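> make a model of this:
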Amino acid sequence: MGKTADLTVVQKTIIDTLHKEGKPQTFIAKEAVCSQSAVSKHVNRKLSGRKKCGRKRCTTNRENRSFMRIVKQNQFKNLSELHKEWTEAGVKASRATTHRRVKEFGYSCRIPLVKPLLNHRQHQRRLTWAKEKKNWTLAQWSKVLFSDESKFCISFGNQGPRVWRKGGEAHSPSCLKSSVKFPQSVMIWGAMSSAGVGPLCFIKGRVNAASYQEILEHFMLPSAEKLYGDEDFVFQHDLAPAHSAKTTGKWFTDHGITVLNWPANSPDLNPIENLWDIVKRKLRDARPNTLDELKAAIEASWASITPQQCHRLIASMPRRIEAVISAKGFPTKY
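Alright, predicted model coming up:
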């Protein structure tokens with residue numbers, strides 16, 4: 001890094017401060033993480049009063065601020081659209097200049113994360129729920145049996161491992177990733193607590209209130225027995241129609257089981273979602289080709305989840321609550 005123009009603002013500040021203290025240039029260069037010649041040029045330029053050389057910027061500060069407003073108004077516009085709108089406002093700038101400015105503002109073009117769509121009432125209820133649970137302890141969260149359904153497919157779209165190949169091997173069978181129009185899939189129900197996971201249920205057909213109550217009878221109760229024994233617990237599930245049905249509510253009442261109130265569209269609050277992600281990542285490595293292989297791989301991945309992993313996820317609940325409050329009820333990073 002030999003040119004003064006290459007120095008960052010932080011480096012220049014370090015150089016100016018240490019130079020005023022009378023430190024030698026070798027010491028300053030080491031502290032500022034730059035070459036000694038860069039230190040010398042920066043110091044000499046300031047002493048001589050020379051202005052920074054180079055071509056004058058083609059856009060003014062006012063024009064740059066107007067461009068910043070354009071970017072903020074719709075961050076989903078591509079570079080061509082941003083450039084067009086900026087130049088239509090009377091600014092003379094090339095597409096390359098537009099790209100440099102948007103980078104200078106600190107923006108990078110990235111694939112957006114996908115989060116559930118929340119209406120105003122839903123994110124207000126999430127915020128209210130988070131505030132109600134803000135003071136819950138880890139011991140209280142450890143009493144919750146979290147549950148969820150998830151779909152697993154043989155094909156995982158564009159996700160998965162990349163392949164090392166040589167030139168001309170793009171169509172080699174050993175380098176291809178197979179895809180089908182209608183990939184085979186299975187729907188699974190599972191439950192977890194801070195003590196570990198319960199048995200998996202492979203769901204056949206669509207889930208309605210009657211079939212869901214059978215899952216509760218034959219899989220949720222054994223999960224609770226395994227993870228809690230004779231101790232009390234609180235059951236969690238989302239607001240799917242089968243879960244919210246009156247007959248399902250009566251089933252819980254008849255069995256004396258307390259159900260945790262839950263805000264709609266809140267997968268970021270359910271730690272079992274992280275377990276599904278762990279299982280799906282392992283499946284991409286296993287690359288099952290048949291439905292039987294898929295089921296076997298799922299069962300093996302689920303069985304490999306340790307109580308320690310579950311405990312860490314349950315321990316994240318207070319942080320999830322704080323994240324929802326900080327986001328005012330909107331989706332969080334979890």
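
> what is the helix or strand bottoming out on mean pLDDT in the chain packed up against?
Counting by mean pLDDT, DSSP states H and E, the chain has its least confident helix or strand at helix 36-48, which shows a mean of 80. Packed against helix 36-48 by the contact rule (3 or more CB pairs under 8 Å, 6 or more residues apart in numbering; DSSP states H and E) you find helix 9-20, helix 25-32. Using the backbone N, CA and C atoms, a C-beta is placed for each residue, glycine as well.

> closest to residue 263 out of the ones you listed?
Closest to residue 263 of the helices and strands packed on helix 36-48 is helix 9-20 (CB to CB; 42.9 Å).

> what's the neighbour count on residue 254?
Look at residue 254: counted by other CB atoms under 10 Å, it has 8 neighbours.

> and what of residue 217?
When neighbours are defined as other CB under 10 Å, residue 217 has 12 of them.

> quick check: the gap between it and residue 16.
Separation of residue 217 from residue 16 (CB to CB, to the nearest Å) stands at 74 Å.

> please apply the same query to residue 82.
36 Å.

> looking at these two, which one has more neighbours?
residue 82 (21 against 15).

> my guess is the more buried one meets residue 73, correct?
No - with contact defined as CB atoms under 8 Å, residue 82 does not count as touching residue 73 (10.1 Å).

> need the contact list for residue 293.
Going by CB atoms under 8 Å, 6 or more residues apart in numbering, residue 293 touches residue 286.

> got the phi/psi numbers for it?
Backbone torsions of residue 293, given as degrees, to the nearest 10, read phi -70, psi -40.

> ditto for residue 189
Dihedral angles for residue 189 - degrees, to the nearest 10 - are phi -110, psi 140.

> give me the pLDDT for the closest residue to it other than its chain neighbours.
For residue 189, ignoring the flanking residues on the chain, the nearest one in space by CB to CB, 6 or more residues apart in numbering is residue 201 at 4.2 Å. We have a pLDDT of 97 for residue 201.

> just residue 289 next, same as before
Per-residue confidence (pLDDT) for residue 289: 81.

> keeping just the C-alphas, turn the host helix or strand of residue 96 into PDB.
Remark: residue 96 resides in helix 95-104, with elements defined by DSSP states H and E. Provided in PDB are the C-alpha atoms of helix 95-104 (Å, rounded to 0.1, in the frame of the first residue of the first chain):
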ATOM      1  CA  ARG A  95     -23.200   3.400 -15.000                       C
ATOM      2  CA  ALA A  96     -19.700   2.800 -13.500                       C
ATOM      3  CA  THR A  97     -20.000   6.000 -11.400                       C
ATOM      4  CA  THR A  98     -23.400   4.900 -10.200                       C
ATOM      5  CA  HIS A  99     -21.900   1.500  -9.200                       C
ATOM      6  CA  ARG A 100     -19.100   3.300  -7.300                       C
ATOM      7  CA  ARG A 101     -21.500   5.600  -5.500                       C
ATOM      8  CA  VAL A 102     -23.700   2.800  -4.300                       C
ATOM      9  CA  LYS A 103     -20.600   0.900  -3.100                       C
ATOM     10  CA  GLU A 104     -19.400   4.000  -1.300                       C
END
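
> and for it, what's in contact with it?
Outside helix 95-104, the residues that touch it by CB under 8 Å, 6+ apart are 58, 59, 64, 67, 71, 79, 80, 82, 83, 86, 93.

> try it again at 7 Å.
58, 59, 64, 67, 71, 79, 82, 83, 86 (CB atoms under 7 Å, 6 or more residues apart in numbering).

> which among these gets closest to residue 235?
Of all the contacts of helix 95-104, residue 235 sits closest to residue 71, with 46.2 Å by CB to CB.

> ok, so what distance separates the closest one from residue 272?
Remark: distance between residue 71 and residue 272 (CB to CB) = 38 Å.

> quick revisit: out of the helices and strands packed on helix 36-48, flag the one nearest residue 253.
Across the helices and strands packed on helix 36-48, residue 253 has its closest neighbour in helix 9-20 (62.9 Å, CB to CB).

> wait, a strand at residue 165?
No - under DSSP: H, G, I helix; E, B strand; the rest coil, residue 165 falls outside any strand and is assigned coil.

> wait, which of the helices and strands packed on helix 36-48 is closest to residue 325?
Closest of the helices and strands packed on helix 36-48 to residue 325 is helix 9-20, at 33.4 Å (criterion: CB to CB).

> low-confidence stretches in this structure?
Applying pLDDT under 70 to the chain flags the ranges 1-6, 46-54, 155-164, 171, 174-183.

> can you list the domains in it?
4-48, 61-104, 120-326 (automatic domain parsing).

> can you list the ones you listed in CSV and add distance to residue 112?
As requested, these are exported to CSV (distance: least, CB to CB, whole Å):
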stretch, distance to residue 112
domain 4-48, 29
domain 61-104, 8
domain 120-326, 15
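
> of those domains, which is nearest residue 113?
Among the domains of the chain, domain 120-326 comes nearest to residue 113, with 10.8 Å by CB to CB.

> can you give me the end-to-end distance of that closest one?
16 Å (CA to CA, to the nearest Å).

> likewise stretch 317-334?
10 Å.

> in that stretch, what's buried?
Neighbour-count burial for stretch 317-334 flags 317, 318, 320, 321, 323, 324, 325, 327, 329, 331, 332, 334 (criterion: 16 or more other CB atoms under 10 Å).
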